[in-house]
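based on what follows, work out the 3D shape:
(chains A and B, ligands or ions: 2)
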Amino acid sequence: MAPRNTASVSSRKTGSKGIEDFAPGAIVEFDRDDELKAYREMLLIRRFEEKAGQLYGMGFIGGFCHLYIGQEAVVVGMQLALKEGDQVITGYRDHGHMLACGMSARGVMAELTGRRGGLSKGKGGSMHMFSKEKHFYGGHGIVGAQVSLGTGLAFANRYRGNDNVSLAYFGDGAANQGQVYESFNMAALWKLPVIYIIENNRYAMGTSVARASAGVDFSKRGSAIGIPGFQVDGMDVRAVKAAGEAAVAHCREGKGPIILEMQTYRYRGHSMSDPAKYRSKDEVQKMRSEHDPIEQVKARLLEKGWASEDELKAIDKDVRDIVADSADFAQADPEPDVSELYTDILL
Amino acid sequence: MPAMTYRDALRQALDDAMTEDKTIVVIGEEVGRYGGAYGVTKDLIKVHGPERLIDTPISEPAIIGTAVGAAMTGLRPVAELMYIDFLGMTMDQLANQAAKIRYMFGGQIGVPMVLRTQGGTGRSAGAQHSQSLEAWIMHTPGLRLAMPATVADAYHLLRQSLTKPDPVVFIEHKALYTRKEEVDLSDDPLPWGKAAVRRQGDDLVIVTYSRQVIYALEAAEALAKKGIEATVIDLRTLNPLDFETIRTHVERVGKAMVVSEGVMTSGVAAELCARISEECFDFLEQPVIRVAGEDIPISVSQELEAGSVPSARIIAEVAERLMA
Ligand SMILES: Cc1ncc(C[n+]2csc(CCOP(=O)(O)OP(=O)(O)O)c2C)c(N)n1
Ligand SMILES: [Mg+2]
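Ligands and ions are numbered 1, 2, ... in the order given. As a prediction, the model looks like this:
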């Protein structure tokens, strides 16, 4: 069920997976493997973020910590549509993206606690991590800046003549930054293979979409310059994957950029210091109980008999073990040595 | 006397100024309903209404540009930049528009706005949310620059900024918001542009501003136990710069150091040091010394973060070397 009005559903043709054939809102059923994979990956993010929240409360994590809880289907669904070498870049709400890209839970958690075993050696923190191996380009704290960088990743793919695409994730709030539109125009002009993924979780800090945006259909933000866009039920991992596949095919064929507005929701405050007084508890509760991305997959797995309660519990246990191990590591690992102050600035 | 926080003093200044001057409007991200990312504008929307506490989209160049445009007509906008680290996004509007308009147009018009922002380390906020970029502002003719260290100055400097005919960049320190002092806001403030001598001593002059004033005073107490008496000058505003107060004390004492949280190279401390060396050369017994931020980005690790900027301990150590 869509969290709110998505574009009207039309029938889906078979054959090509390009956007001509893409029916926004149509659900393409997952097979058992995809369901199980999506369940596990989303659960890993959920449990990881819950633990990060706890460690923050205990004082092990300082500074910023923006949790991804509620939005798991977006990044997990998109990863299912990618191939090796496709790149991902995002803002500061990045833990989920990194785990979905396959970066180690230990490395991410230890970076949150600012330890030497963290992915940025304790220098970057929650908002700033990177992995060349996993093609994850960060982890950026200046709202909107990653959109131009993601355009640059696409430029490089194009220049090199490979058929990789880049995914530039940003929020509904970031969508009002000027450089987003400068990037859109260049990407459209040069037909760059970039997917702009707007994670519309309805709020930018304490400001609801309606209070910050004169037009609230973000999928149309590139329409004046001919960039196609779709609204996607970002709480349903199947809808995300289907949209992702269509977008990826469009980009790989050299047809230029595309916009996917993922309609999603963050359950927690903007960051750990936000009591989220700008919305009602009912609103949050309604999303949790009616649209939770993980519960949706779980219900299907059980209903179809693809997994038993015990099997799902075993997955949960496995995921909890990974997270517990990362938390132990992140607390025991030493702080960086002061000699690190002057390293990694310039070569 | 009642105790008040730096945050509440800033809030009080906005509240009082807005009550007196209806041309003042506050514009920025989360300044209204949310009450500011650091709570400085908390509940002001209830007193002054949403027409005067204007929540904006996340669009820094347009926020500052809109404030500059409104100021050209005589409104007095207080534009809030949530972190000084976002200065790069707004720098064109500030440096090329706000700072140049009076001059380019032959003095016919000014830009009476205040850009409120906050900077500095102390909250593990990492490389893109912890910088001290006052040198960028000081390096731009046409901009005023105020950086309060005390609770009383948080109030008075903001009130004074809100009477100036030119653009004032007002930089708060994120680690000072919860600092409490006993203050009587009805006391007469020092005039705008006048430095405060926070401590008198005959052995050494420490020139500084913002949070480093607090550290310099702590260092001075430690030094006093070792028989070294320091004068501590709090500049309060970097533009205007009260060089006469610096000169008076440096010439009297003969030894000086300049302390700044911003990075050392081409920074505020470098400028002050050069000026003291040029203008007070005949009175100096030692070269003037800079104590400033390391020339590195700020880490999220607490240990590395603390090691990136001056502390009371470092100021005292350098002072002792200067005296040896
Ligand atoms: C240039 C810039 N302006 C403002 C901020 C402060 N800030 C950080 S996150 C945020 C809200 C962004 O909301 P959105 O884009 O919707 O992303 P979400 O947090 O919902 O994932 C703001 C205003 C910033 N980091 N950078
Ligand atoms: Mg948002």
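
what about the residue of the stretch 1-150 of chain A found nearest ligand 2, distance to A:Ser126?
Nearest residue of the stretch 1-150 of chain A to ligand 2 (Cβ to the ion) works out as A:Arg93 at 8.4 Å. Bear in mind the C-beta positions are built from the backbone N, C-alpha and C, glycine included. Noted for A:Arg93: a distance of 9 Å to A:Ser126, by Cβ to Cβ, to the nearest Å.

go through chain A and flag its longest helix.
As assigned by DSSP state H, the longest helix anywhere in chain A is helix A:32-57.

just confirm yes or no for that helix near ligand 1.
No. Counting by Cβ under 6 Å from any ligand atom, ligand 1 is not contacted by helix A:32-57; separation bottoms out at 13.1 Å.

find residues that contact each of A:Arg93 and A:Ser126.
Contact criterion Cβ atoms under 8 Å, 6 or more residues apart in numbering or on different chains; residues shared by A:Arg93 and A:Ser126: A:His66.

what residues are up against the residue of the stretch 1-150 of chain A closest to ligand 2?
A:Arg93 sits next to A:66-68, A:71, A:171, A:199, A:266 when contact means Cβ under 8 Å, 6+ apart.

just the buried residues of these.
Taking 16 or more other Cβ atoms under 10 Å in any protein chain shown as the criterion, what is buried in the contacts of A:Arg93 is A:66-68, A:71, A:171, A:199, A:266.

interface residues of chain A facing chain B?
A:62-64, A:111, A:114-115, A:122-128, A:140-144, A:173-174, A:176-178, A:204-207, A:211-213, A:278, A:335-336, A:338, A:340-342, A:345 (Cβ under 8 Å from any Cβ of the partner chain).

emit the ChimeraX select command for whichever of these are buried.
Buried members of these, defined by 16+ other Cβ under 10 Å, are picked up in ChimeraX with:
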select /A:62,63,64,111,114,115,122,123,124,125,126,127,128,140,141,142,143,144,173,174,176,177,204,205,206,207,212,213,278,335,336,340,341
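
ok, which of the residues of chain A next to chain B also contact ligand 1?
Taking Cβ under 6 Å from any ligand atom as the test, ligand 1 is in contact with A:141-143, A:173-174, A:204-205 out of the residues of chain A next to chain B.

check which helices and strands the helix or strand in which B:Asp16 is found is in contact with.
Take DSSP states H and E as the rule and B:Asp16 turns out to sit in helix B:6-20. Helices and strands touching helix B:6-20, by 3 or more Cβ pairs under 8 Å, 6 or more residues apart in numbering or on different chains; DSSP states H and E, are strand B:24-28, helix B:44-48, helix B:151-161.

bridging residues for the nearest residue to B:Thr208 once chain neighbours are set aside?
Closest residue in space to B:Thr208, ignoring its immediate chain neighbours: B:Val259 at 4.0 Å, by Cβ to Cβ, 6 or more residues apart in numbering or on different chains. On the basis of DSSP bridges, B:Val259 is bridged to B:Val291.

all strands for the stretch 1-150 of chain A, in order.
Taking DSSP state E, counting those that start in this stretch, the strands of the stretch 1-150 of chain A run over residues A:87-90, A:136-139.

re the thing from before, next, the residue of the stretch 1-150 of chain A closest to ligand 2: phi, psi?
The phi/psi pair for A:Arg93 (degrees, to the nearest 10) reads phi -90, psi 70.

and the residue of the stretch 51-200 of chain B found nearest chain A, how many neighbours?
Nearest to chain A in the stretch 51-200 of chain B, going by Cβ to the nearest Cβ, is B:Ser124, at a distance of 3.2 Å. The criterion is other Cβ atoms under 10 Å in any protein chain shown. On that basis, B:Ser124 has 23 neighbouring residues.

would it count as being in a strand?
No. Counting by DSSP: H, G, I helix; E, B strand; the rest coil, B:Ser124 is not found in a strand; it is coil.

how about the helices in chain A?
Under DSSP H, chain A gives helices at A:32-57, A:72-79, A:95-100, A:105-112, A:145-160, A:178-189, A:209-212, A:237-252, A:281-291, A:293-303, A:309-332.

those helices: which one's closest to B:Arg290?
Closest of these to B:Arg290 is helix A:145-160, at 31.5 Å (criterion: Cβ to Cβ).

let's have the strands of the stretch 1-150 of chain A in TSV, adding mean neighbour count, distance to B:Ser266 and mean pLDDT.
Below are those laid out as TSV (neighbours: other Cβ atoms under 10 Å in any protein chain shown; distance: least, Cβ to Cβ, whole Å; pLDDT from 0 to 100):
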stretch	mean neighbour count	distance to B:Ser266	mean pLDDT
strand A:87-90	26	31	98
strand A:136-139	23	27	96
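
in the stretch 51-200 of chain B, mark out all the strands, start to finish.
Under DSSP E, counting those that start in this stretch, the stretch 51-200 of chain B gives strands at B:53-55, B:76-81, B:114-119, B:144-146, B:168-173, B:180-182, B:196-199.

would CSV of these with mean pLDDT and distance to B:Arg247 be doable?
CSV is the format used below for the strands of the stretch 51-200 of chain B (pLDDT from 0 to 100; distance: least, Cβ to Cβ, whole Å):
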stretch, mean pLDDT, distance to B:Arg247
strand B:53-55, 98, 42
strand B:76-81, 98, 33
strand B:114-119, 98, 28
strand B:144-146, 98, 20
strand B:168-173, 98, 24
strand B:180-182, 97, 29
strand B:196-199, 98, 13
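
what about these, which gets the closest to ligand 1?
Shortest distance between ligand 1 and the strands of the stretch 51-200 of chain B, using Cβ to the nearest ligand atom, is found for strand B:76-81: 8.2 Å.

and A:Ala246, how far from A:Gly85?
Relative to A:Gly85, A:Ala246 is positioned 19 Å away (Cβ to Cβ).

not counting its neighbours along the chain, what's nearest A:Glu50?
In space, A:Glu50 is closest to A:Ile69, 7.2 Å off (Cβ to Cβ, 6+ apart).

now do the one you found, the pLDDT please.
pLDDT, A:Ile69: 98.

residues in chain B within reach of chain A, list them.
B:29-30, B:33-34, B:37, B:55-62, B:85-86, B:88-89, B:123-129, B:294-297, B:299-304, B:307-308.

contact partners of stretch B:56-69?
A:143-144, A:173-174, A:176-178, A:204, A:207, A:212-213, B:27-29, B:77-79, B:81, B:86, B:89-90, B:92-94, B:97-98, B:101, B:111, B:113, B:115, B:167.

when you check ligand 2, which of the residues you listed turn up near it?
A:Ala204 (Cβ under 5 Å from the ion).

returning to what we had before: which of the helices of chain A sits most buried?
Of the helices of chain A, the one with the most neighbours on average (mean count of other Cβ atoms under 10 Å in any protein chain shown) is helix A:72-79, at a mean of 29.

so which elements touch that helix?
helix A:32-57, helix A:95-100, strand A:166-171, strand A:194-200, helix A:237-252, helix A:293-303.
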